[in-house]
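Curious how this folds, go ahead:
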Amino acid sequence: MISARVFADPSQKIYREEAFNMLLGEEGGQEDRPLFIQFAANDPDALLTSAKMVEPFADAIDINFGCPQDIARRGRYGAYLCEDWDLIYKLINTLHVNLSIPVTAKFRIFSEVEKTVRYAQMMERAGAQILTCHGRTREQRGHKAGLADWNQIAAVKKAVSVPVFANGNVLYAEDVERCLSATGADAYMSAEPQLHNPGIFYTAQPDSNSAPSDEEQGRSTHPPHATVALEYLSIIRSLQTPTGSSAIKAHLFRLFYPAFLRPENHDLRNRLGAISWQRDGLEGYEDICKEMDKRMKRAMDEGQGEDFPVDKETGLKRVPYWLCQPKVRPPPVSSSSKTEIPKQPTQPLTSSISSSVGNTLESKTVVLATSAEGTLGTVVPVALDDETERQADTVVQSVASDLLARVGEKRAINITGISTEGAVKDEWVEQGDPKRLKLQPTQPEQCS
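Below you'll find the model as predicted:
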């Protein structure tokens, strides 16, 4: 996500190069398409100026009306514009009228489904060609995130004529099909889960003409995180476009999170936190990843396989800690029980997550425990409030907020989707209105 205000400022040349490098020809180049470029904005003129600069490098411009973080509140953008419908209309319509490529919008729901539907319809009237609906309210964030409301996404899909992308409640690849079936959405967009597990949308390529087995598909969507990290660093090394050190560090913390929960890997966690680009360079990151790779291979040899059993009580998969997996946040705990909960529970602690999506998801219990076989989605210590959560997750949070918004998450949204009757892929075809992009149906992909 790029700040339109800062990007449009002629004096901010360094920010421009970091946010979207237009000089070296790699970002927005042939191998970087299709590409949506997402802006945060509250000034139509600054947004148009920024969008015009990157227009030749993009297939669409997305406006973020969904960010709930404090930085968005301070800057008055993202989800904190949701009360100003006139401004939102003008932001979308200004791009729709003045760009040769489509404008799309990502937003969060309101508590009342009727208001959410009117909100989406207003964006469609303004000219948005794709709507991405995150099924959580602005207040649902961090340890208060809870479950996304798929019923509201379904209501939006029924109320508009443009394609709708769903967002929320997907931890594993198989959840995508469930979401699309429940909401009727045209595709699914992944945010935080894909940062922890970039393999979530991966489809195994069998050696023969036969489809991959469920076991093969399950393994392909949970690759070894050290392997992914080394591949990520090799891509960085192959590019001329510089990658910010803070972005590299934040991505590696997310990938290695399940391994960093274990005491025997705290030394690597500390090394990664203390690394300096000026002192250590890319080689410093590579050394840590190589050492993690050695340790995880030993763990795999000593482990009990990768069959990913589903815990009957929680519905979460037990994914070994050497593989990529989602990070599951436990629900908030009342202040009255703060003193009763140890910082590092030795006994499983349970707390209930109630569903807000009807029959789409059942109420579940999250077990706050880890074992030698793996974790239940990689849980974090119990978050009693915002301050406690920050203390419990200091290493990750210290590098992943503003800097990721500026550098690490600058790219467009992921537009991969899987459906039961014709998967939606990132293939596009113009039909009718030259600005109106329609989704091209393709053959269903295998999904475990």
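
What is the neighbour count of residue 26?
Residue 26 has 15 neighbours, counted by other Cβ atoms under 10 Å. C-beta: built from backbone N, CA, C; applies to glycine.

Ignore what I typed, I meant residue 227.
Look at residue 227: counted by other Cβ under 10 Å, it has 19 neighbours.

Tell me which residues of stretch 190-203 come out buried.
Buried residues in stretch 190-203, defined by neighbour count with 16 or more other Cβ atoms under 10 Å: 190-191, 193-203.

now stretch 274-288
Under the neighbour-count criterion of 16+ other Cβ under 10 Å, stretch 274-288 has 275, 280, 284-286, 288 buried.

In these, find the pair that's most separated.
The largest distance within these, taken as Cβ to Cβ, falls between 275 and 286 and amounts to 10.8 Å.

Among the buried residues of stretch 274-288, name the ones in helices.
Of the positions in those, 280, 284-286, 288 sit in helices, assigned by DSSP state H.

which one of the residues you listed is nearest residue 258?
Nearest to residue 258 out of those is residue 288 (Cβ to Cβ; 15.7 Å).

my guess is the closest one contacts residue 271, does it?
Yes. Using Cβ atoms under 8 Å, residue 288 is in contact with residue 271, at 5.7 Å.

hey, where'd the strands end up in the stretch 151-300 of the chain?
With strands called from DSSP state E, counting those that start in this stretch, the stretch 151-300 of the chain shows them at 164-167, 187-188.

my bad, the stretch 1-150 of the chain
Under DSSP E, counting those that start in this stretch, the stretch 1-150 of the chain gives strands at 2-3, 36-40, 60-65, 103-108, 128-134.

Next, format those strands as a markdown table and append mean pLDDT, mean neighbour count and distance to residue 95.
Converted to a markdown table, the strands of the stretch 1-150 of the chain look like this (pLDDT from 0 to 100; neighbours: other Cβ atoms under 10 Å; distance: least, Cβ to Cβ, whole Å):
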| stretch | mean pLDDT | mean neighbour count | distance to residue 95 |
| --- | --- | --- | --- |
| strand 2-3 | 97 | 24 | 14 |
| strand 36-40 | 98 | 24 | 9 |
| strand 60-65 | 98 | 26 | 6 |
| strand 103-108 | 98 | 27 | 4 |
| strand 128-134 | 98 | 26 | 9 |
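
before we move on, the earlier item: out of the ones in helices among the buried residues of stretch 274-288, who's nearest residue 40?
For these, the nearest to residue 40 is residue 285 (28.3 Å; Cβ to Cβ).

which residues in the stretch 251-400 of the chain form helices?
Ranges of helices in the stretch 251-400 of the chain, per DSSP state H, counting those that start in this stretch, are 257-260, 266-274, 277-302, 386-392, 394-400.

wait, which of those is closest to residue 167?
Within the helices of the stretch 251-400 of the chain, the stretch nearest residue 167 is helix 394-400; the backing value is 18.9 Å (Cβ to Cβ).

No further queries at this time; thank you.
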